[in-house]
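> have a look at this fold, sequence not included:
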């Protein structure tokens, strides 16, 4: 379970303490010591990531959670990539490949591996950069639809109306991942975090952030 | 209906013009692929500009490796075909 006592207790002292611990927007220096953070930039559940810079976040905004699809969702393309890597060793004995002149065989071999490398890079980029981000002010859904088209959807924490966690199926239950559907009062009525790990913890973090935000409003500290 | 016997394909009797045409097609294809490799580098930059979290260096290295691979294949096709 996540220990969020430190984070969501309101008060300026606590915020100052957190800012000291967290090095948002800085690079390559000391790592913070927040409990349960893996310090791993390719983790699917990045709680208070060490060094993060997000184009749509304000300078004062603290990034609390960076989420990706659960790594298990990469298995499908991983298996395809494995077959692609091994295929030339089997196909080289098969007609008509074996009947080609040696120089054409060599080029075909190189082209095949070049395409395989491109496939792996594209799939990894798709997984790595399609993220969901939760800050202390907003939630973001970042989608790279194709090679150079980006879509960033955001909603303020105080506009969140309802958070639904959907976990179904054997694989999702076993590996504890699922969808978090967030209904908002903003222009985009629905933001979905799909196949993210630890959906219950995510829902809890959002809930506590909403409470924190309401408290800030009452105390007149809201940005 | 055309019967193709993949067990007995023999390319050795083909005209040298055929192989020249094949080489030109491969080179044109690889030129187009080089553009695609450039797009991947551009895409990587675009994505890392959006979100930096500490793994961008490795991603960029792989994008450039892919570009070098494509360039190497293009040169190899030009030389050995």
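Now that the structure is in, tell me what you want to look at. All values derive from a computational prediction rather than experimental measurement.

> low pLDDT regions in chain B?
The model of chain B has pLDDT under 70 over residues B:1-12.

> show me which residues of it sit near chain A.
Taking C-beta under 8 Å from any C-beta of the partner chain, the part of chain B that reaches chain A is made up of B:6-11, B:19, B:22, B:26, B:30, B:33, B:36-37, B:39-40, B:42-44, B:46-47, B:49-55, B:59, B:62-63, B:65-66, B:69-70, B:72-73, B:76-77, B:80-81. Glycine gets a C-beta too; all of them are placed from N, C-alpha and C.

> so which of these sit within strands?
Here DSSP state E is the test, and these give B:51, B:52 as lying in strands.

> report the buried members of the residues of chain B next to chain A.
Applying 16 or more other C-beta atoms under 10 Å in any protein chain shown to those, the neighbour count classes B:22, B:26, B:30, B:33, B:37, B:40, B:43-44, B:47, B:50-54, B:59, B:62-63, B:66, B:69-70, B:73, B:76-77, B:81 as buried.

> distance check, the residue nearest in space to the middle of chain A against residue A:38.
Closest residue to the average C-alpha location of chain A: residue A:68 at 2.4 Å, with C-alpha atoms, centre = their mean. Computed as C-beta to C-beta, to the nearest Å, the residue A:68 to residue A:38 distance reads 13 Å.

> can you give me the helices in chain A?
All helices of chain A, identified by DSSP state H, fall at A:5-8, A:12-21, A:75-91, A:102-129, A:170-175, A:199-218.

> hang on, residue A:53 packs against residue B:49?
No: in terms of C-beta atoms under 8 Å, residue A:53 does not count as a neighbour of residue B:49; the distance is 9.3 Å.

> picking that back up, can you lay out the helices of chain A as TSV showing mean neighbour count and mean pLDDT?
Conversion of these to TSV gives the following (neighbours: other C-beta atoms under 10 Å in any protein chain shown; pLDDT from 0 to 100):
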stretch	mean neighbour count	mean pLDDT
helix A:5-8	16	45
helix A:12-21	13	47
helix A:75-91	13	92
helix A:102-129	17	92
helix A:170-175	12	92
helix A:199-218	17	90
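
> picking that back up, which of the residues of chain B next to chain A fall in helices?
Per DSSP H, the residues of chain B next to chain A map to helices at B:19, B:22, B:26, B:30, B:33, B:36-37, B:39-40, B:42-44, B:46-47, B:49-50, B:59, B:62-63, B:65-66, B:69-70, B:72-73, B:76-77, B:80.

> can you give the domain ranges for chain A?
Domain ranges of chain A: A:5-69+A:130-218, A:74-124, per automatic domain parsing.

> report the contact partners of residue A:158.
A:210, A:213, A:214, A:217, A:222 (C-beta atoms under 8 Å, 6 or more residues apart in numbering or on different chains).

> try 7 Å this time
Residues near residue A:158 by C-beta atoms under 7 Å, 6 or more residues apart in numbering or on different chains: residue A:213.

> and it, how far from chain B?
Residue A:158 is 24 Å from chain B, where distance means C-beta to the nearest C-beta, to the nearest Å.

> in space, what's closest to the single nearest residue of chain B relative to chain A - neighbours in sequence excluded?
Residue of chain B nearest chain A, by C-beta to the nearest C-beta: residue B:54 (3.5 Å). Using C-beta to C-beta, 6 or more residues apart in numbering or on different chains and skipping the chain neighbours, the partner closest in space to residue B:54 is residue A:41 (3.5 Å).

> show me the contacts for the residue of chain B closest to chain A.
Contact analysis of residue B:54 by C-beta under 7 Å, 6+ apart lists A:41, A:50, A:51.

> from the residues you listed, which land in strands?
For those, not one is inside strands, with DSSP E as the criterion.

> the residue nearest to residue B:54 touches residue B:53, doesn't it?
Yes: using C-beta atoms under 7 Å, residue A:41 is in contact with residue B:53, at 4.7 Å.

> dig out what residue A:191 forms beta bridges with.
residue A:182 (DSSP bridges).

> which residues touch it?
Listed by C-beta under 7 Å, 6+ apart, the contact set of residue A:191 reads A:139, A:141, A:153, A:155, A:182, A:184.
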